[in-house]
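Colleague: Structure for the following, please:
(one chain, ligands or ions: 1)
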Amino acid sequence: MPIYHTLGRVPRKRHIVFPRLDGGLHAEELIGNKGFEGPASLLYHLRHPTPVKSVRVAKTLEWTADDDPAFRHRHFKTAQLPAGGSIVEDRVPILFNADVAMAVAQPTREDEGYYRNAQGDEIVYVSDGGGVLESPLGSLAFGRGDYLVVPRGIVHRYRFDERPVRLLVIESAGFVRTPHRYRNEFGQLQEHAPFSERDIRRPRDLQMIDEKGAFPIVVKKDSRLTRVTVDHHPFDVVGWDGYYYPWAFNINDFEPRVGRFHLPPPVHQTFEGDGFVVCSFCPRPYDFDPEAVPVPYVHSNVMSDEVIYYASAEFMSRKGIEYGSITLHPDGVAHGPHPGRTEASLGATATNELAVMVDTFRPLRVAKEAAGVEDAGYFRSWVAENGPAR
Ligand SMILES: [Fe+2]
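Modeller: Have a look, this model is predicted:
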């Protein structure tokens, strides 16, 4: 949950006359979710944001489940997916349900037009690459390890200045916010939270572009992309204020929790949505009791599907994974350290692992595209003879 922010010029009061220099009036626009009750911002445009010149369907997005229904641990090597295309139009679906969808994007070009997701909030984890996320509410410079949170409905565009670009895109049907238990009754992150408002980066450098013409915005709604062409540049905002804007948080600003004995994944929680949570596993010292077992105990997360995106090739309890791997440990299936990993961890003092975990509370389906890069033998990887005990 971001905090109040303002950029540019706004009038003294809401909903009053706000003259333009040429004698007309600025156009005030409220943008937010949950009607008039959710988080919102008030934007002041040079022109009314309403005129639309044309619409046409650009692409239908069919997320089809793979046709192998056997219930098991899964492992997808997303680094094997070919890079290419656009961050908006060429995302490769990996896992999905009605609450959340995960895709990998490795764009090699920038989009000419703009993008607005009208069916979900987006958390874009920048695994590789860097650039600037532009919006009418200002710009956010981003780089490796950033989570970019873009609430639904906000027009934006990515510019890349560091390549290659590799992104994990998490689309959420519900509003993406910081975990409720980290916030006090007034909305402020509490002292025990593993990050603070100071770590949340907000847009800067408001662009104010006064330009008439034809500007395409790709709008995602009902699982299709519609190209909506408007009659002026969408970045015509002279000022805004509120709680609804794109924001960034770097995974390296997450302060990991360590205990005398192993602490469970909820201590790594970073975001919550409706029906899922996101956790960050960061480099940290191991548990400090001489008898502590650093790696996790085996667990069966009943009524929760567990997804891990490996942002580095190191992970304390697993072997056979690589950078870009995504594992799915579905509801109730026991999993834990690979053979030998528990013993090997004894006496270790620190881990350099970096991973993003998404736990969902409703079952996930595997997209067909992910099945194409599956490590088919993964579910047998806990059988000791399948590999050397490490
Ligand atoms: Fe797990």
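Colleague: Okay, helices next: where are they in the protein?
Modeller: 341-345, 368-371 (DSSP state H).
Colleague: Of those helices, flag the one that's most buried.
Modeller: helix 368-371 (a mean of 19; mean count of other C-beta atoms under 10 Å). C-beta: built from backbone N, CA, C; applies to glycine.
Colleague: and it, what's its mean pLDDT?
Modeller: What helix 368-371 shows for mean pLDDT is 94.
Colleague: So which residues make contact with that helix?
Modeller: Defining contact as C-beta atoms under 8 Å, 6 or more residues apart in numbering, one finds that helix 368-371 is touched by 64-68, 76, 78, 81, 92-95, 326.
Colleague: List the beta-bridge partners for the residue nearest to Tyr125 when sequence neighbours are not counted.
Modeller: Nearest residue to Tyr125, sequence neighbours excluded (C-beta to C-beta, 6 or more residues apart in numbering): Leu168, at 4.2 Å. Legend: beta-bridge partners of Leu168 under DSSP bridges are Val104, Tyr125.
Colleague: and the contacts of helix 368-371 as JSON lines, adding pLDDT and distance to Val238?
Modeller: Output for those, formatted as JSON lines (pLDDT from 0 to 100; distance: C-beta to C-beta, whole Å):
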{"residue": "Thr64", "pLDDT": "95", "distance to Val238": "45"}
{"residue": "Ala65", "pLDDT": "96", "distance to Val238": "47"}
{"residue": "Asp66", "pLDDT": "95", "distance to Val238": "49"}
{"residue": "Asp67", "pLDDT": "90", "distance to Val238": "53"}
{"residue": "Asp68", "pLDDT": "90", "distance to Val238": "54"}
{"residue": "Phe76", "pLDDT": "97", "distance to Val238": "46"}
{"residue": "Thr78", "pLDDT": "97", "distance to Val238": "42"}
{"residue": "Leu81", "pLDDT": "97", "distance to Val238": "42"}
{"residue": "Val92", "pLDDT": "97", "distance to Val238": "39"}
{"residue": "Pro93", "pLDDT": "97", "distance to Val238": "39"}
{"residue": "Ile94", "pLDDT": "98", "distance to Val238": "40"}
{"residue": "Leu95", "pLDDT": "98", "distance to Val238": "41"}
{"residue": "Ile326", "pLDDT": "97", "distance to Val238": "43"}
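Colleague: buried subset of these?
Modeller: In those, burial by neighbour count holds for Ala65, Phe76, Thr78, Leu81, Val92, Pro93, Ile94, Leu95, Ile326, counting by 16 or more other C-beta atoms under 10 Å.
Colleague: So which of those sit within strands?
Modeller: Among those, the members falling in strands (DSSP state E) are Phe76, Val92, Pro93, Ile94, Leu95, Ile326.
Colleague: which one among those residues gets closest to Val366?
Modeller: Within those, distances to Val366 taken as C-beta to C-beta reach their minimum at Leu95, with 6.1 Å.
Colleague: quick one: the closest one and Ile326 touch, right?
Modeller: Yes: contact criterion C-beta atoms under 8 Å: Leu95 and Ile326 qualify, at 7.5 Å.
Colleague: shared neighbours of the two, anything?
Modeller: With C-beta under 8 Å, 6+ apart, Leu95 and Ile326 have common neighbours Met102, Val307, Ala370.
Colleague: Dump these to CSV, plus distance to Glu134.
Modeller: As requested, these are exported to CSV (distance: C-beta to C-beta, whole Å):
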residue, distance to Glu134
Met102, 24
Val307, 29
Ala370, 30
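Colleague: Which single one of these is nearest to Val228?
Modeller: Nearest to Val228, judged by C-beta to C-beta, of those is Met102 at 26.1 Å.
Colleague: so what's the closest one up against?
Modeller: Pro93, Ile94, Leu95, Phe96, Leu168, Val169, Ile170, Glu171, Val307, Tyr309, Ile326, Val358.
Colleague: lowest-pLDDT helix or strand in this protein?
Modeller: helix 341-345 (a mean of 90; mean pLDDT, DSSP states H and E).
Colleague: Distance from it to the middle of the chain?
Modeller: With C-alpha atoms, centre = their mean, to the nearest Å as the basis, helix 341-345 stands 32 Å off its chain's centre.
Colleague: before we move on, what about stretch 188-197?
Modeller: The answer for stretch 188-197 is 20 Å, by C-alpha atoms, centre = their mean.
Colleague: burial count for His75?
Modeller: Using other C-beta atoms under 10 Å, His75 is surrounded by 24 other residues.
Colleague: got it, and His48?
Modeller: Residues near His48, counting by other C-beta under 10 Å: 14.
Colleague: which residue packs closest to Asn352, ignoring adjacent ones?
Modeller: Pro283 (4.7 Å).
Colleague: quick one: that neighbour and Glu314 touch, right?
Modeller: No: applying C-beta under 8 Å, one finds Pro283 not in contact with Glu314, separated by 9.1 Å.
Colleague: tell me, what's touching those two both at once?
Modeller: Thr351, Asn352, Glu353, Leu354.
Colleague: middle-most residue in the chain, spatially?
Modeller: Ile123 (1.9 Å; C-alpha atoms, centre = their mean).
Colleague: Show the contacting residues for that one.
Modeller: With contact set as C-beta under 8 Å, 6+ apart, Ile123 has these partners: Tyr147, Leu148, Val149, Val169, Ile170, Ser172, Val176, Phe271, Val278.
Colleague: Tell me how far the spatially closest residue to Ser54 that is not a sequence neighbour lies from Val57.
Modeller: Closest residue in space to Ser54, ignoring its immediate chain neighbours: Thr229 at 4.6 Å, by C-beta to C-beta, 6+ apart. Counting by C-beta to C-beta, to the nearest Å, the separation of Thr229 from Val57 is 13 Å.
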